[in-house]
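Trainee: Sequence below, structure please.
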Amino acid sequence: MHRAERTLVLLLRISAVVLLVAIVPACMPYHWMDVIHRRLGLRELPERPIVGYLTRSLSALYAYHGALVLYMSLDVRRYAPLIRCMGAVSVFFGAGLIAIDCAVDLPLGWILCEGPLIVVLGGVLFWLAGRIAVTVHGDCPNFRGGDRPAP
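Mentor: Residues are numbered from 1 along each chain as shown. Here you go, the predicted structure:
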């Protein structure tokens, strides 16, 4: 296994663990979420159906994404094109989160951590997966980053 592959596997697995932990807030009692919300300086968490739905479904979606990331980490050569796509999408997703976080007036620490971290991680995943694709398929002149034949 090449260094780029080992690094990619490690980053994917760390990301997967962080994302999978999001299953906890998807199941935690409202009171716990309210306490965390207040400790973050965000005042009382509104007890409305849409708030409960969004907080829990978003947490579940992160955990779902974590399961997929973990699965991709099991065979980075096979999933390199998909990981590369995920990295590219993550760069735009992170930039979008920065805009959203600013628009809803989240604390500066949150704004500086969430979106920028996703942008950087996405860029690194994109680059590493590209290195694996070149290493694995570099001797194949028809390789285009997927299983498609050359035109």
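
Trainee: Residue ranges in the chain under the pLDDT threshold?
Mentor: Filtered on pLDDT under 70, the chain yields the residue ranges 133-151.

Trainee: Can you point out the buried residues in the longest helix anywhere in it?
Mentor: The helix that spans the most residues within the chain, counting by DSSP state H, is helix 108-137. Judged by neighbour count using 16 or more other CB atoms under 10 Å, the buried positions of helix 108-137 are 111, 114-115, 118-119, 121-122, 125-126, 128-133, 136-137. Where C-beta positions appear, they are placed from N, C-alpha and C, glycine not excepted.

Trainee: which residues in this structure form helices?
Mentor: Counting by DSSP H, the helices of the chain are 3-20, 23-27, 30-39, 49-73, 76-103, 108-137.

Trainee: For Ser90, give me its contacts.
Mentor: Each residue near Ser90 by CB atoms under 8 Å, 6 or more residues apart in numbering is listed here: 118-119, 121-122, 125-126.

Trainee: do you know how far Val24 is from Leu61?
Mentor: Distance from Val24 to Leu61, counting by CB to CB, to the nearest Å: 14 Å.

Trainee: scratch that, Leu108
Mentor: For Leu108, the distance to Leu61 - CB to CB - is 25 Å.

Trainee: now swap in Val120 and tell me
Mentor: 21 Å.

Trainee: residue contacts, Cys102?
Mentor: Residues in contact with Cys102 (CB under 8 Å, 6+ apart) are Ile111.

Trainee: if I look at it, how far off is Leu74?
Mentor: 37 Å.

Trainee: just Leu61 next, same as before
Mentor: Counting by CB to CB - Leu61 and Leu74 are separated by 21 Å.

Trainee: tell me what the longest helix of the chain is packed against?
Mentor: Applying 3 or more CB pairs under 8 Å, 6 or more residues apart in numbering; DSSP states H and E, we find helix 108-137 packed against helix 3-20, helix 76-103.
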